[in-house]
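Peer 1: following is a predicted model, sequence given first.
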Amino acid sequence: MSTASAGPVSLLGWPVSAQPHPDPAKSTLSRLNATPEEKAAREQKMAMAVRTILECIGEDPDREGLQRTPERYAQALMWMTKGYEERLTDVINNAVFAEDHDEMVLVRDIDISSLCEHHLVPFTGKIAIAYIPGQNQLVLGLSKLARIAETFSRRLQVQERLTKQIAIAVQEAIQPRGVAVVMEATHLCMTMRGVQKPGSMTVTSCMLGCFRTQQKTRDEFLTLVKGR
């Protein structure tokens, strides 16, 4: 896929103006290109910060149960945010095929876990992703829809942005007639703190192309999503 822009491009080779999060932080690019030695130093720096946090909340980081917690947490957090180290070109990995198919493709009930960027606590839920192939008749390997969702979820997120990023990634990858994404999630920042409302669900959606402009197409998608 080529671009006409001479400006900076995203991880998929698109102009950054097409991206919902256009300017990756310098530290993000540093992590993406880090050597094994730099990764180890990053984890050690994080572990030291976790030790400070344990002290600040009134704990003793040297007691038996916590002695390895800073290192374990650093490794866990790096894994939970591994999406910063993944390029979507590698995730899709040429799984784009030309097929004589012009009807809706839908993958639903994709389990997602992410970290709220406001409180660094998890939110979990399910995503449904649908698209209708365009005139180029390109389709994505079905597992790649789940992989795209996983890549964006393994970054610090807000649910609204996560939903939009997934939709735009599918749109840019195969140029379909339209893309629809719906996500339902429970946020621990609502259930464990703050208003403390267990069982509450947050629903977000992003409709692009014919899913936005054609009511019948949008209704068909929403009916299929609800038909569990």
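Peer 2: Done, it's in. Residues are numbered from 1 along each chain as shown.

Peer 1: any idea how far apart the tips of stretch 88-104 sit?
Peer 2: End-to-end distance for stretch 88-104: 23 Å, by C-alpha to C-alpha, to the nearest Å.

Peer 1: for it, buried residues please.
Peer 2: Going by neighbour count (16 or more other C-beta atoms under 10 Å), the buried part of stretch 88-104 is 88, 91-92, 104. The way it works is simple: take the backbone N, C-alpha and C, and place the C-beta from them, glycine included.

Peer 1: what's the helix ranked longest in the chain packed up against?
Peer 2: Ranked by residue count under DSSP state H, the longest helix found in the chain is helix 36-56. Applying 3 or more C-beta pairs under 8 Å, 6 or more residues apart in numbering; DSSP states H and E, one finds that helix 36-56 contacts helix 69-80.

Peer 1: just the CA trace of the helix it packs on, in PDB.
Peer 2: Provided in PDB are the C-alpha atoms of helix 69-80 (Å, rounded to 0.1, in the frame of the first residue of the first chain):
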ATOM      1  CA  THR A  69       6.500  -8.100  43.600                       C
ATOM      2  CA  PRO A  70       8.200  -5.100  42.000                       C
ATOM      3  CA  GLU A  71       9.900  -7.300  39.400                       C
ATOM      4  CA  ARG A  72       6.800  -9.400  38.800                       C
ATOM      5  CA  TYR A  73       4.600  -6.300  38.400                       C
ATOM      6  CA  ALA A  74       7.100  -4.700  36.000                       C
ATOM      7  CA  GLN A  75       7.100  -7.800  33.800                       C
ATOM      8  CA  ALA A  76       3.300  -8.100  34.000                       C
ATOM      9  CA  LEU A  77       2.700  -4.500  33.000                       C
ATOM     10  CA  MET A  78       5.100  -4.700  30.100                       C
ATOM     11  CA  TRP A  79       3.100  -7.700  28.900                       C
ATOM     12  CA  MET A  80      -0.200  -6.000  29.400                       C
END
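
Peer 1: one step back: now do the buried residues in the longest helix of the chain.
Peer 2: So, applying 16+ other C-beta under 10 Å, buried residues of helix 36-56: 42-43, 46-47, 50-51, 54.

Peer 1: could you tell me the angle between that helix and helix 69-80?
Peer 2: Helix 36-56 runs at 120 degrees relative to helix 69-80, counting by axes from the mean of the first three to the mean of the last three C-alpha atoms, to 10 degrees.

Peer 1: got a list of contacts for helix 36-56?
Peer 2: Helix 36-56 is contacted from outside by 30-31, 34, 60-61, 66, 69-71, 73-75, 77-78, using C-beta atoms under 8 Å, 6 or more residues apart in numbering.

Peer 1: send me that helix as PDB with only the CA atoms.
Peer 2: Taking Å, rounded to 0.1, in the frame of the first residue of the first chain, the C-alpha atoms of helix 36-56 are listed here in PDB:
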ATOM      1  CA  PRO A  36      17.200  -6.700  24.900                       C
ATOM      2  CA  GLU A  37      19.500  -4.700  27.200                       C
ATOM      3  CA  GLU A  38      17.400  -1.600  27.000                       C
ATOM      4  CA  LYS A  39      14.200  -3.700  27.700                       C
ATOM      5  CA  ALA A  40      15.900  -5.200  30.800                       C
ATOM      6  CA  ALA A  41      16.900  -1.700  32.000                       C
ATOM      7  CA  ARG A  42      13.400  -0.400  31.500                       C
ATOM      8  CA  GLU A  43      11.900  -3.200  33.600                       C
ATOM      9  CA  GLN A  44      14.400  -2.600  36.400                       C
ATOM     10  CA  LYS A  45      13.600   1.100  36.400                       C
ATOM     11  CA  MET A  46       9.900   0.200  36.600                       C
ATOM     12  CA  ALA A  47      10.500  -2.300  39.400                       C
ATOM     13  CA  MET A  48      12.200   0.500  41.500                       C
ATOM     14  CA  ALA A  49       9.200   2.700  41.000                       C
ATOM     15  CA  VAL A  50       6.900  -0.100  42.100                       C
ATOM     16  CA  ARG A  51       9.000  -0.500  45.300                       C
ATOM     17  CA  THR A  52       8.500   3.200  46.000                       C
ATOM     18  CA  ILE A  53       4.700   2.800  45.500                       C
ATOM     19  CA  LEU A  54       4.600  -0.100  48.000                       C
ATOM     20  CA  GLU A  55       6.400   2.000  50.500                       C
ATOM     21  CA  CYS A  56       4.000   5.000  49.900                       C
END
